[in-house]
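>>> Got a sequence here, can you build the structure:
(one chain, ligands or ions: 1)
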Amino acid sequence: MESIFNPVKHSGINNIIKAKDEYYYTSDGRKFIDLESGIWCASLGHNHDKINHIIKKQLDSLSHVSKRVLPSYIDLIAEKLLKITEIDGKVIFLNTGSEAIEFSMIMAKLIHKTGKLISFTDNYISAYGQATKIDEKIDIKPCLKCSKSNCDINCSAIKDKITEHSVFIFDPFCFSRMILKPPVKLIKTLETEIRKKKGIIIVDEITTGLGRTGKWFGYNHFNLKPDMVVLGKSLGNGYPVSAVIIEKTIIKEVEKTDFSYYQSHQNDPLGCKVAEAVINVLHAENLIERTHESGEVFLTFLRKDLENINGVEDIRGIGLLIGIELKKEISVEKVYQKLAEKGIIIGISLKFNMLNVIPPFTINSGLILEISKKIKESIVEVEQSYQLNKSINQNKII
Ligand SMILES: Cc1ncc(COP(=O)(O)O)c(C=O)c1O
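Presented below is the predicted three-dimensional model:
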């Protein structure tokens, strides 16, 4: 890899030639289980037949048009997104999650020019930065330990954070791969306060939306009514399409301004058709329910297999969004390499020493059982290698 610029820590595997369902295939005949659905995108499995069929068909008719001459069917696709998000409003289709986040915040700031932009500490929301400067962050760590039955807006964790016309944007569970679950009472208290202060709630569902958590959207776990919902990743199952679903009162406010946004691939028919196909497959294959059930099975196996493993700090998850936090002295990178040797590609966060299990929704329980055992073996092997090194070093000193 001499010429490609890929500014991430690389695994060293650079001969992937094909992907199908939950597997990657290499040019030298190996196959790997992909526990990260690409980069959390191929939630229906790589190269899903129905999605590929739609892409091929659409390529032969219409993939890209001027934004002044749209085909009528994309309006029907937007309607499908409004239906599943239960939002009365409009939809714009874009390309990446970061772009859609930026768009949602540009819209919010257009209406609430002076309102503060608020989010949770460690929420990763965009690779961009123009509109994404967060003014105020709420750290949910103390809330995760809070045992009070009610949440109070005057509690030090959230006091004075929400001001008039605040724009609150949050990712419900991902937290930069930490997989945290904000208490329902916290989200409901913030929602009430934002409504009181005439603010806007944007939910970043780029990682959590479209079934990943065992419900259609992460905000469904809080019975929350957002003003804007941002989708990406799974919406294209690997094809770059994102969307912002915008409540109608915001649309009306924006329409009072001279706002215009024109970008080469907004509302492109090909991306819209892929998004529609993804929603159809989620319905047809009953994948939301299946993800909920598989997530429970995965967590149960992992908790049982890793119960007495010293190197494991915590296991947490919701649906098929699972995190295994390792103790500081265990390197996630080493566990990653051990798993790769066993034919499994797992997600990792170096910053939080987490392993992430984010497989396609179609994964079966036989494979889950096998993976759970291999995760255990890999962590134990890394633990043992440390012990071995320690005793070698001790012998040297003696
Ligand atoms: C929670 C969250 N929001 C937004 C984004 C940005 O999406 P994209 O990488 O498609 O630009 C990501 C990407 O990982 C994400 O995890």
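>>> from here on, contacts and neighbour counts on C-alpha atoms
Fine.
>>> Shouldn't S119 be within a helix?
No. Counting by DSSP: H, G, I helix; E, B strand; the rest coil, one finds S119 to be strand, located in no helix.
>>> what's the pLDDT at it?
pLDDT recorded at S119 is 96.
>>> I'd like the distance between it and W216.
Distance from S119 to W216, counting by C-alpha to C-alpha, to the nearest Å: 22 Å.
>>> and if you look at I318?
Taken as C-alpha to C-alpha, the span from I318 to W216 is 12 Å.
>>> neighbour count winner among these two?
Neighbour totals were compared for I318 and W216, and I318 leads with 23 against 20 (other C-alpha atoms under 10 Å).
>>> so what's that one up against?
T213, G214, H292, G295 (C-alpha atoms under 8 Å, 6 or more residues apart in numbering).
>>> mind redoing it with 6 Å?
By C-alpha atoms under 6 Å, 6 or more residues apart in numbering, the contact set of I318 is T213.
>>> tell me which parts of the stretch 151-300 of the chain are close to the ligand?
Residues of the stretch 151-300 of the chain lying close to the ligand by C-alpha under 6 Å from any ligand atom are D171, D204, I206, T207, G232, K233.
>>> Would you map the helices across the stretch 101-250 of the chain?
Assigned helices in the stretch 101-250 of the chain, in chain order: 141-144, 184-196, 248-255 (criterion: DSSP state H, counting those that start in this stretch).
>>> same question, the stretch 251-398 of the chain
269-284, 287-305, 332-341, 365-397.
>>> Make TSV out of those and add mean pLDDT.
Listed next are the helices of the stretch 251-398 of the chain as TSV, based on pLDDT from 0 to 100:
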stretch	mean pLDDT
helix 269-284	98
helix 287-305	98
helix 332-341	97
helix 365-397	87
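>>> got the ones you listed as TSV, with mean neighbour count columns?
Formatted as TSV, the helices of the stretch 251-398 of the chain follow (neighbours: other C-alpha atoms under 10 Å):
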stretch	mean neighbour count
helix 269-284	21
helix 287-305	20
helix 332-341	20
helix 365-397	15
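>>> any chance of those helices in CSV, with distance to H48 too?
Shown next, in CSV, are the helices of the stretch 251-398 of the chain (distance: least, C-alpha to C-alpha, whole Å):
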stretch, distance to H48
helix 269-284, 9
helix 287-305, 13
helix 332-341, 24
helix 365-397, 19
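>>> Need the nearest residue in space to S372, chain neighbours excluded.
Residue nearest to S372 in three dimensions, not counting chain neighbours: L302, with 5.5 Å by C-alpha to C-alpha, 6 or more residues apart in numbering.
>>> From the ligand, how far off is that neighbour?
Using C-alpha to the nearest ligand atom, to the nearest Å, L302 is found at 23 Å from the ligand.
>>> Could you measure from that residue over to N6?
Distance from L302 to N6, counting by C-alpha to C-alpha: 32 Å.
>>> Give me the pLDDT value at I398.
With respect to pLDDT, I398 scores 52.
>>> likewise K113?
Turning to K113, the model gives it a pLDDT of 89.
>>> I140: which of the residues of the stretch 151-300 of the chain next to the ligand is nearest?
Among those, D171 lies closest to I140 (C-alpha to C-alpha), at 12.3 Å.
>>> Tell me the gap between the lowest-mean-pLDDT helix or strand in the chain and the middle of its chain.
The helix or strand of the chain with the lowest confidence, counting by mean pLDDT, DSSP states H and E, is helix 365-397 at a mean of 87. Its chain's C-alpha centre and that of helix 365-397 lie 29 Å apart, by C-alpha atoms, centre = their mean, to the nearest Å.
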